[in-house]
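> Please work out how this folds:
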Amino acid sequence: MGRQPTSGYCQTCRKRRVKCGENPPHRDTDKARPHCGRCLASGHPCGGYDLPLRVQVLGVHSEHDGTQRLVRVPTQQQSNPGRHLAHELLPSTENDMRLGLRDSQHWQQQTSAAYFFATFNWAPFWRPLILSATDGDSLDINRVCFQAISYGYMGLSLGDRALQARGGRLYGQVLREVQALLLQQEKSRLAKLGFTMVMMNMYEALGPAPPHHVGIIRILQHCGPGTFQEESLLEAFRSCRALLALCRQSRCLLEDEPWKTLPWQQRPKTFEDRLMDIIVDLPGVAESVVAPHKRAACLDKINTLTVALQEWRWDWHAVHAASVRQVRHHAGGSLVEEMPDTRAPPPTIVNQMLLASLEFDSPRLALDILYYNATLLYLMQLEAVARGQPSPPEPEILSREDERYIRRQAARNNSDGGGNPLLLPGQVKFHCQAAAEAFMTLSCVTRLLATTPEKATVVPPAAIGVVYCVLRDQLRLGDGWLALLLSKHALFHDAQRVFWGYFVGVRR
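Numbers count the residues shown, from 1 in each chain. Model (predicted):
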C-alpha cells in the first residue's frame, strides 16, 4: 500500500538549507500546495516538491479461529526508520543506477524472449536448440546470442529501431568473442562453439547477416570427428549436422565415413543419427546429378540410399509402431466454406491432408517421420533427374485407378481402428503419398516442440522446404487448393522466400 507524503522540503529550501513554511503566515504550507510559502515570501523561485511514494508492505495473516487480517510485513528498512522505503528504491547513487539499469535489462530480456516464443512462426523449431544452448552449463556467449536474436526479432516486428540496434550490438559482441576463440585454436573450446554458430545462423532470418555455414565447416575440420564424443559436444555436433545436411546442394565433409562413426564410439546411435547418416549423402548426389556423364553412377548411389532408407523405416516400425495414431477432423460445413471457388471436388490427397492429422508420443518420433518422408521425396526427385526427366519435373498426374490405390492403402493401414496409420516401404508409389504423410505430421510437430521441455537438435526448415516444393510443383493441386492447404500452418507464411533454396533438380 502507498500514499503521497503531505509534508517535507521543496527543492529550493533544501539547497538553501532552510525549513519550508517556518514563517507564521505560511506555517500551514505543505505539499498539498504547489509552491513553498517561504520561497514566495523571500522571492526565490520555488523548485517544487519531490513526490516519493511512501510504502507499507502488508500481508494476510490467518488467525487460529479462521479469520484473516492485514498485518505489516517487516522489511530491512526498519533498522533505519529515518530513511523512507521510497528513497531506497530511487537510484540516488551510481551503484543504485547501475542496479536499476540491470533490472530494466533483465525485464527486457524476459519480455523479448517471451515475445519471440509466442509470436515467431519458427520459434518451436528453434526452441530445442535454444534450451540446449542456454542451460546452466553452457557458454555465456550462447545466452548473449539468444538475446541478440530475441531483441532483433522483437524490434523488427514492432518497428522499434532502438531494440533492433541493441540486438545488432549484441550480435557484434558475439562475433568478436567467436573470432577471439577461433584465434586460440583450442579444440575443446572450439567444439563448444557448435551451438553458438548454429544460433548465429538463426540471426540471418532477422536481417542482413553473413552466412555461417562455411565457419561451421571450418570449425568441424579443425576439431576433427573424434573431438565430439562427449555428450554435450555430441549434441552440438548433431545440430551442426542437421543444419548443414540439406542447406546446399553441394558435397560436404560430413558424408565421409569418419564423421559417421567416430563421434559415436562411446554411445549408441539413435534413429535420428542413423537417418541423418543417409541425409548427409544427398547434397553430394544433387551436385553430381547435374552432370549428364555422372548420372549412371548417381543412379547406383540413389538405389543404395533408397535401400538404406527402407531398412531404417522397417527398424523404426519394429520399435515405434504403437507410438503414432491418426486423428480425424470433423470439418463439416467449415471445409465447404473454405473450399476454392471451383466446381471440381477436392482431390483425394487434399481430402486426406485436410481431414486428418498424425499424432505421436514425442516430438522426436514425429520429426523422424517428417525427415523420413522428406528424404524419400528428395531421392525420388534425384532419381527423376538422373533418368533424364525434365527439370522442373512434370506435375504428377493421377488416374482414377491411382486415386483408388491411394485410398486403399490409407484404408488398409487404418482398417482395425488402432492400427499404425503410416505407410510402409513398398506402399508409396507417388510423390503425393509421402508429401501428404509429411504434411499431416506438422501440427503435432509444432505443438509438441512448443510445449515439451525437451533439449534436442535444431530443426532447420530443410525438410519442410522439400515437402513444400513437391506440394507446389508436382501435385497439380491448383492455386486454390494449394493456398487452402498452406493456410493451415503459419510455417508457410512467405513460403516462396523461406523455401526457395530447397528445390531439387537442375536450375535453369
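> so how far is stretch 240-258 off the chain centroid?
What separates the centre of stretch 240-258 from the centre of its chain is 21 Å, taken as CA atoms, centre = their mean, to the nearest Å.
> repeat for stretch 246-263
Averaged C-alpha coordinates place stretch 246-263 at 24 Å from its chain's average position (CA atoms, centre = their mean).
> same for the helix or strand containing Asp300, what does it pack against?
Secondary-structure assignment from DSSP states H and E places Asp300 in helix 295-320. Using 3 or more CB pairs under 8 Å, 6 or more residues apart in numbering; DSSP states H and E, the elements in contact with helix 295-320 are helix 271-279, helix 282-288, helix 363-386. Quick note: C-beta positions are derived from backbone N, CA and C, even for glycine.
> In its sheet, which strands sit next to whichever helix or strand comes after that helix, and in what direction?
Scanning the chain past helix 295-320 towards its C-terminal end, the next helix or strand to appear is strand 324-328 (assignment: DSSP H and E). Each strand that pairs with strand 324-328, with its direction, by DSSP bridges: strand 356-360 (antiparallel).
> what's the angle between the partner strand and helix 295-320?
Using axes from the mean of the first three to the mean of the last three CA atoms, to 10 degrees, the interaxial angle of strand 356-360 with respect to helix 295-320 works out to 70 degrees.
> what does strand 356-360 contact?
Applying CB atoms under 8 Å, 6 or more residues apart in numbering, the contact partners of strand 356-360 are 323-329, 366, 369, 421-422, 437, 440-441, 443-444, 448.
> In PyMOL, how would I select the buried members of those residues?
Typed into PyMOL, the next command selects the buried ones out of the contacts of strand 356-360 (criterion: 16 or more other CB atoms under 10 Å):
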select buried, resi 324+325+326+366+369+421+422+437+440+441+443+444+448
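> just the strands in the chain please.
2-3, 54-55, 58-62, 68-72, 324-328, 356-360 (DSSP state E).
> any chance of the helices and strands packed on helix 295-320 in CSV, plus distance to Glu403 and mean pLDDT?
Written out in CSV, the entries for the helices and strands packed on helix 295-320 read as follows (distance: least, CB to CB, whole Å; pLDDT from 0 to 100):
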stretch, distance to Glu403, mean pLDDT
helix 271-279, 30, 96
helix 282-288, 30, 92
helix 363-386, 19, 94
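> right, so the ones you listed: which one is the most enclosed?
Mean neighbour count (mean count of other CB atoms under 10 Å) peaks for helix 363-386 among those, with a mean of 23.
> Glu396 reaches Arg476, doesn't it?
Yes. Glu396 is within contact range of Arg476, at 6.6 Å (criterion: CB atoms under 8 Å).
> okay, now the domains of the protein?
2-89, 102-263, 269-508 (automatic domain parsing).
> circling back: dump the helices and strands packed on helix 295-320 into a markdown table; add distance to Trp316 as well.
Putting the helices and strands packed on helix 295-320 into a markdown table (distance: least, CB to CB, whole Å) gives the following:
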| stretch | distance to Trp316 |
| --- | --- |
| helix 271-279 | 6 |
| helix 282-288 | 19 |
| helix 363-386 | 6 |
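> Using PDB, write out every CA atom in stretch 249-258.
Taking Å, rounded to 0.1, in the frame of the first residue of the first chain, the C-alpha atoms of stretch 249-258 are listed here in PDB:
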ATOM      1  CA  GLN A 249      23.200 -28.900 -53.000                       C
ATOM      2  CA  SER A 250      26.900 -29.500 -52.800                       C
ATOM      3  CA  ARG A 251      29.100 -32.200 -51.300                       C
ATOM      4  CA  CYS A 252      30.200 -31.700 -47.600                       C
ATOM      5  CA  LEU A 253      32.800 -33.400 -45.400                       C
ATOM      6  CA  LEU A 254      30.000 -34.900 -43.300                       C
ATOM      7  CA  GLU A 255      29.400 -37.600 -45.800                       C
ATOM      8  CA  ASP A 256      32.900 -39.000 -45.200                       C
ATOM      9  CA  GLU A 257      32.900 -42.200 -43.100                       C
ATOM     10  CA  PRO A 258      34.900 -40.900 -40.000                       C
END
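> Now do the residue nearest to Arg143 when sequence neighbours are not counted: how many residues are near it, please.
For Arg143, the nearest residue in space outside its immediate sequence neighbours is Thr134; the separation is 5.0 Å by CB to CB, 6 or more residues apart in numbering. Around Thr134 sit 20 other residues, with neighbours defined as other CB atoms under 10 Å.
> got it, and His212?
The local packing count at His212 equals 22, with neighbours defined by other CB under 10 Å.
> again with Gly159
A count of nearby residues for Gly159, using other CB under 10 Å, gives 8.
> shaky segments in the protein?
When the per-residue scores of the chain are filtered using pLDDT under 70, the ranges that remain are 1-8, 21-35, 43, 49-109, 204-211, 330-345, 391-392, 413-418, 455, 503-508.
> Quick check, Val470 in contact with Leu377.
Yes. Val470 sits in contact with Leu377 when judged by CB under 8 Å, with a separation of 5.3 Å.
> got any residues that touch both of these two?
Overlap of the contact sets of Val470 and Leu377 (by CB under 8 Å, 6+ apart) consists of 431, 434-435.
> In stretch 140-158, which residues are buried?
Of the residues in stretch 140-158, those buried by neighbour count under the rule 16+ other CB under 10 Å are 141-156.
> Kindly report the same for stretch 466-476.
For stretch 466-476, by 16+ other CB under 10 Å, it's 466-475.
> ok, and what's touching it?
By CB under 8 Å, 6+ apart, the list of residues contacting stretch 466-476 from outside reads 246, 347, 349, 370, 373-374, 377-378, 381, 392-393, 395-398, 431-432, 434-435, 438-439, 477, 482, 485-486, 492, 495, 499, 502-504.
> List only buried entries from these.
246, 347, 349, 370, 373-374, 377-378, 381, 392-393, 396, 398, 431-432, 434-435, 438-439, 477, 482, 485-486, 492, 495, 499, 502-504.
> Tell me which entries of these lie within helices.
349, 370, 373-374, 377-378, 381, 431-432, 434-435, 438-439, 482, 485-486, 495 (DSSP state H).
> okay, now Val18: neighbour count?
15.
> Ok, Gln179 next?
Gln179 has 10 neighbours, counted by other CB under 10 Å.
> Gln11 too?
Applying other CB under 10 Å, we find 15 residues neighbouring Gln11.
> shouldn't it be in contact with His44?
No. Using CB under 8 Å, Gln11 and His44 do not qualify as a contacting pair, with a distance of 10.6 Å.
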